[in-house]
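**Student:** Pasting the sequence and the predicted model now:
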Amino acid sequence: MTKQILFTLLMMVLLPAFAHAGEEEDMKRMAQEHQHDKPTATPAATAEPARPVTAEEVVYGDVGGKPVRGYLARPKDAKGPLPGLIVIHEWWGLNDNVRAMTRRLAGEGYQALAVDLFGGAVADNPDAAMKQINAVMQNTGAAEDNLKDAYTFLEGKGAQKIGSIGWCFGGGWSLATAMLLPDKIDATVVYYGRVETDKEKLAPVKAPILGFFGGKDKSIPVEGVRAFEKALKDLGKPVEIHIYENADHAFANASGGNYNPEAAKDSWTKTTAFLKKNLG
């Protein structure tokens, strides 16, 4: 039996478990985008922060009676409270690539907390990643509690302003965090994550939103991104969307097969400027 047939059978088994048809279709397209992908460390994936940072594994909450662990980084020379960032991993999980990105974000002047929505599981192939996402989507309440705990943890560290950022699966959850905590999140960055077009769901959001998407990305179609942007603008929400026509899904992941250096560099520059403006 070929890998393609096995992959198709796996999708038929896993996808019906998703709660909503829209999510099922999004996950199906995401799986297709990643089916030949594998996270592999490269020099670009481990770029050093702009300034030295310290980092450690932390317990930042308790969900369902179990401690949730993440990765906290902050500038080594920082004095006093810093703005906070909730960093949400891709569908691979909280791996070394996400830890490296968390350190880079901390180097820009933030206490950055990389959350773990997969309970310590990390995937190195699409099949395992789909299983992890399926587990989250069957219990989204636990993921929401996880993110609420992350906010409370950073607030307890003295962060007066807190933003969210995520890629792929985490990009969708970064937007979800802004909707979950509409009066608390101060800035939201979405890298090629699932978008929302329902104005009723978007209406409570107060945080400015910055989004990056690939023109070749079949998992997050451009027309859906434009509908998301229009819904926010119709509501009078501050939103800034960038679509890189020659980039695919996961273009900013230097450890993935779709890495696009030009789009990754430009989106990083825009991200740091956006966070500085809105979080200080």
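**Tutor:** Yep, that arrived.
**Student:** And residue 243, which helix or strand is it part of?
**Tutor:** Taking DSSP states H and E as the definition, residue 243 sits inside strand 239-244.
**Student:** and the residue most central in space within the chain, bridged to which residues?
**Tutor:** Compute the mean C-alpha point of the chain, and by C-alpha atoms, centre = their mean the closest residue is residue 166, 1.8 Å away. In this entry, residue 166 is beta-bridged to residue 88, residue 190, by DSSP bridges.
**Student:** What score does it have for pLDDT?
**Tutor:** Note for residue 166: predicted pLDDT of 98.
**Student:** what about the residue nearest to residue 97 when sequence neighbours are not counted, distance to residue 205?
**Tutor:** Of all residues not flanking residue 97 in the chain, residue 255 sits nearest, at 4.4 Å (C-beta to C-beta, 6 or more residues apart in numbering). Where you see a C-beta, it was placed from the backbone N, CA and C, and this is true even at glycine. The gap separating residue 255 from residue 205 is 31 Å, by C-beta to C-beta, to the nearest Å.
**Student:** give me the element residue 262 is part of.
**Tutor:** helix 261-279.
**Student:** what's the average pLDDT for that helix?
**Tutor:** Taken as a whole, helix 261-279 carries a mean pLDDT of 98.
**Student:** Please export the C-alpha coordinates of that helix as PDB.
**Tutor:** Only the C-alpha atoms of helix 261-279 are listed here, as PDB (Å, rounded to 0.1, in the frame of the first residue of the first chain):
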ATOM      1  CA  PRO A 261      13.600  33.900   2.700                       C
ATOM      2  CA  GLU A 262      12.300  37.100   1.100                       C
ATOM      3  CA  ALA A 263       8.700  36.800   2.500                       C
ATOM      4  CA  ALA A 264      10.100  35.600   5.900                       C
ATOM      5  CA  LYS A 265      12.400  38.600   6.200                       C
ATOM      6  CA  ASP A 266       9.800  41.100   5.200                       C
ATOM      7  CA  SER A 267       7.100  39.700   7.400                       C
ATOM      8  CA  TRP A 268       9.500  39.600  10.400                       C
ATOM      9  CA  THR A 269      10.400  43.300   9.800                       C
ATOM     10  CA  LYS A 270       6.700  44.200   9.700                       C
ATOM     11  CA  THR A 271       5.900  42.000  12.800                       C
ATOM     12  CA  THR A 272       8.500  43.600  15.000                       C
ATOM     13  CA  ALA A 273       7.400  47.100  13.900                       C
ATOM     14  CA  PHE A 274       3.700  46.200  14.600                       C
ATOM     15  CA  LEU A 275       4.500  44.800  18.100                       C
ATOM     16  CA  LYS A 276       6.600  47.800  19.000                       C
ATOM     17  CA  LYS A 277       3.900  50.200  18.000                       C
ATOM     18  CA  ASN A 278       1.100  48.300  19.900                       C
ATOM     19  CA  LEU A 279       2.900  46.800  22.800                       C
END
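**Student:** Give the helix, strand or coil label for residue 97.
**Tutor:** State at residue 97, reduced to three classes by DSSP: H, G, I helix; E, B strand; the rest coil: helix.
**Student:** these two touch, right, it and residue 250?
**Tutor:** No. Residue 97 is beyond contact range of residue 250, at 10.6 Å (criterion: C-beta atoms under 8 Å).
**Student:** who touches both of the two?
**Tutor:** residue 90 (C-beta atoms under 8 Å, 6 or more residues apart in numbering).
**Student:** of the two, who's got more company?
**Tutor:** Between residue 97 and residue 250, counted using other C-beta atoms under 10 Å, the more crowded position is residue 250 (29 against 23).
**Student:** doesn't residue 256 make contact with the more buried one?
**Tutor:** Yes. With contact defined as C-beta under 8 Å, residue 250 reaches residue 256; the gap is 4.8 Å.
**Student:** Now do the contacts for the residue lying closest to residue 239 once chain neighbours are set aside.
**Tutor:** Distances taken as C-beta to C-beta, 6+ apart place residue 232 nearest to residue 239, at 4.1 Å, with adjacent residues excluded. Residue 232 sits next to 202, 205, 209, 239 when contact means C-beta under 8 Å, 6+ apart.
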